[in-house]
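# The amino acid sequence is not available; the structure is as follows:
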């Protein structure tokens, strides 16, 4: 008699097939350093708009490929260069407004934190609400964008883990996993929590991800 797949079976299949952060998908080797943290913020900003995740990731890759990898380079780049890079990534519906806010956000980040998001982390003192509030003072970063950023960086900023937002919890429900962040976090190691959260989001966004995981954990 075949056995019902365990939660660990489901988690393993999800991580093996879909367990990578969106920052990693955009080519960002995330670590606790100013440049990759800023790039993760750009990815979160782009993902928070009403576009497909694949388009947001492609647009982030195009921006970074154009050399716009730091707040200083983003702020100093001509507006049209930012527009062109976003268009190259397929981010055309919001390219002009996004180009403007990326420039304004980079300037504010430089003025307030010296371009270093670690200073924002220090100011938050481990308080997730305080960190999200500070992020939302940047142009274009709202509740969705701040949540995505925290979700992406929790692996390198562990004091904010586990952070599993409503979309990740919806993905967990689709896969038959617990809908409680603490219980979900106990299913993976601390080093995989960010990738796990992103995999859950993919399950929420794409039924094919759920089907793929189920195929690899047959009853």
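Now that the structure is in, tell me what you want to look at. Note that this is a predicted model, so its numbers are computed, not measured.
# CA atoms for contacts and neighbours, from now on please.
Fine.
# can you list contacts of the helix or strand of the chain with the lowest mean pLDDT?
When the helices and strands of the chain are scored by mean pLDDT, DSSP states H and E, helix 181-185 comes last with a mean of 91. Under the criterion CA atoms under 8 Å, 6 or more residues apart in numbering, residues 162-164, 169, 177-178, 193 lie in contact with helix 181-185.
# What residues sit buried inside that helix?
Within helix 181-185, the residues scored as buried using 16 or more other CA atoms under 10 Å are 181, 184-185.
# Repeat that for stretch 169-185.
169-175, 177-179, 181, 184-185.
# biggest separation within those, which pair?
174 and 185 (16.7 Å; CA to CA).
# export the buried residues of helix 181-185 to a markdown table and tack on distance to residue 214?
Listed next are the buried residues of helix 181-185 as a markdown table, based on distance: CA to CA, whole Å:
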| residue | distance to residue 214 |
| --- | --- |
| 181 | 22 |
| 184 | 18 |
| 185 | 20 |
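# of these, closest to residue 207?
Comparing the buried residues of helix 181-185 against residue 207 with CA to CA places residue 184 closest, at 20.1 Å.
# Return the distance of the closest one relative to residue 161.
11 Å (CA to CA, to the nearest Å).
# before we move on, the earlier item: compile the contacts of helix 181-185 into CSV and extend it with columns for secondary structure, distance to residue 73 and pLDDT.
As requested, these are exported to CSV (DSSP: H, G, I helix; E, B strand; the rest coil; distance: CA to CA, whole Å; pLDDT from 0 to 100):
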residue, secondary structure, distance to residue 73, pLDDT
162, coil, 32, 94
163, coil, 30, 95
164, coil, 32, 94
169, helix, 36, 95
177, coil, 42, 95
178, coil, 43, 93
193, helix, 31, 95
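# okay, those in a markdown table with distance to residue 42 next?
Shown next, in a markdown table, are these (distance: CA to CA, whole Å):
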| residue | distance to residue 42 |
| --- | --- |
| 162 | 22 |
| 163 | 19 |
| 164 | 20 |
| 169 | 23 |
| 177 | 30 |
| 178 | 30 |
| 193 | 21 |
